[in-house]
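Colleague: Provided below are the primary sequence and the corresponding predicted coordinates.
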Amino acid sequence: MGVISCDNVGMEYLPGREILRDVSFVLEPGSFYFLSGASGAGKTTLLGLLALTQRPTHGAIRMFGEEVTRLPREALPSLRRRIGTVSQDYRLLSHLTVEENIALPLKVACEPESVIHSRVDEILDWVGLADHRNARPEELSGGQKQRVCIARSVIHRPEVLLCDEPSGNLDLQLSLRFMYLFEALHKMGTTVMLATHDDYLISQFTYPVLRLKDGMVEEGR
Ligand SMILES: Nc1ncnc2c1ncn2[C@@H]1O[C@H](COP(=O)(O)OP(=O)(O)O)[C@@H](O)[C@H]1O
Ligand SMILES: [Mg+2]
């Protein structure tokens with residue numbers, strides 16, 4: 001049994017307009033998958049279902065051994081804490097510093113201040129932003145904001161990391177730098193699914209690819 005599995009998952013935002021249909025796959029614990037597909041293919045929609053921020057119209061999704069599609073709303077936050085998400089639009093809080101943004105998931109989980117401090121220090125070094133810890137998001141470049149977003153999404157050491165076009169507006173060199181960060185996490189045991197429409201980026205790695213086309217997913221490069 002995988003860490004995530006989808007069984008005939010379908011999704012409609014509007015009745016009769018299927019965005020995803022009969023999507024089935026299994027992600028093994030510790031695996032790394034690309035999710036590819038043209039713009040509008042449904043990548044963000046599928047990641048939203050896996051991040052438990054929306055529910056499918058049909059089918060079953062299992063995560064961490066639980067069928068999540070029918071769980072009551074109250075049961076979702078504790079599962080969500082086991083998932084990290086890197087969103088397309090950063091979603092940083094502009095009134096908080098870099099350090100405060102990154103610490104948020106640990107604050108929400110009521111971790112002690114001492115733990116928060118040491119983890120934030122560690123992760124600021126890891127993403128190369130130690131010198132910018134007191135900056136506000138508006139003072140950062142796009143690539144730096146993206147690194148804050150990545151740091152925030154992994155600081156609580158999620159078992160699964162879902163990344164939505166993390167290299168969307170970045171040049172190839174920066175995209176590859178981010179890929180090495182995600183690979184480092186993957187090597188520590190995190191299951192990673194990374195959505196991108198960039199076939200060139202995919203071609204630089206040997207990880208398996210789930211390809212979305214006409215609402216269906218096929219496996220292979
Ligand atoms: N909240 C929504 N309401 C209605 N349609 C949506 C919504 N979100 C996405 N869509 C539609 O679903 C399709 C897939 O979108 P999306 O999942 O964002 O694709 P991708 O991330 O691959 O570009 C698109 O046709 C988009 O217009
Ligand atoms: Mg998208």
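Modeller: Yep, that arrived. Ligands and ions are numbered 1, 2, ... in the order given.
Colleague: use CA for all of it now, contacts and neighbours both
Modeller: Will do.
Colleague: for residue 43, what are its contacts?
Modeller: 35-37, 164, 195, 212 (CA atoms under 8 Å, 6 or more residues apart in numbering).
Colleague: how about the residues of this structure that lie near ligand 1?
Modeller: With CA under 6 Å from any ligand atom as the criterion, the chain meets ligand 1 at residues 13, 19, 38-45.
Colleague: Most widely separated two among those?
Modeller: Using CA to CA, the two most remote members of those are 13 and 38, lying 18.8 Å apart.
Colleague: which of the residues in the longest helix seen in the chain are buried?
Modeller: Longest helix of the chain, by residue count under DSSP state H: helix 172-187. Within helix 172-187, the residues scored as buried using 16 or more other CA atoms under 10 Å are 175, 178-179, 181-182, 185-186.
Colleague: Pick out the residue closest to the middle of this protein.
Modeller: Centroid check for the chain by CA atoms, centre = their mean gives residue 162 as the closest residue, at 1.9 Å.
Colleague: on that earlier part again, so of the contacts of residue 43, which ones are in strands?
Modeller: When DSSP state E is applied, the contacts of residue 43 are split such that 35-36, 164, 195, 212 fall in strands.
Colleague: and these, which two are the farthest apart?
Modeller: Counting by CA to CA, the most remote pair of those is 164 and 212, 13.9 Å apart.
Colleague: Assign residue 23 to helix, strand or coil.
Modeller: strand (DSSP: H, G, I helix; E, B strand; the rest coil).
Colleague: Go ahead and confirm it touches residue 217.
Modeller: Yes. Between residue 23 and residue 217 a contact is recorded at 5.7 Å, counting by CA atoms under 8 Å.
Colleague: Packing partners of the lowest-mean-pLDDT helix or strand in the chain?
Modeller: Lowest by mean pLDDT, DSSP states H and E among the helices and strands of the chain is helix 172-187, with a mean of 86. Helix 172-187 sits against helix 199-203, with contacts defined as 3 or more CA pairs under 8 Å, 6 or more residues apart in numbering; DSSP states H and E.
Colleague: Need the CA coordinates for the helix it packs on. PDB is fine.
Modeller: What follows is helix 199-203 as a C-alpha-only set of coordinates in PDB (Å, rounded to 0.1, in the frame of the first residue of the first chain):
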ATOM      1  CA  ASP A 199       9.500  19.000 -20.000                       C
ATOM      2  CA  TYR A 200      13.100  20.200 -20.200                       C
ATOM      3  CA  LEU A 201      13.300  20.300 -16.400                       C
ATOM      4  CA  ILE A 202      11.800  16.800 -16.300                       C
ATOM      5  CA  SER A 203      14.300  15.500 -18.900                       C
END
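Colleague: remind me which residues of this protein are low pLDDT?
Modeller: Counting by pLDDT under 70, the ranges of the chain that qualify are 1, 168-169.
Colleague: Using the record, which stretches count as separate domains in it?
Modeller: Residue ranges for the domains of the chain, per automatic domain parsing: 1-82+158-221, 91-157.
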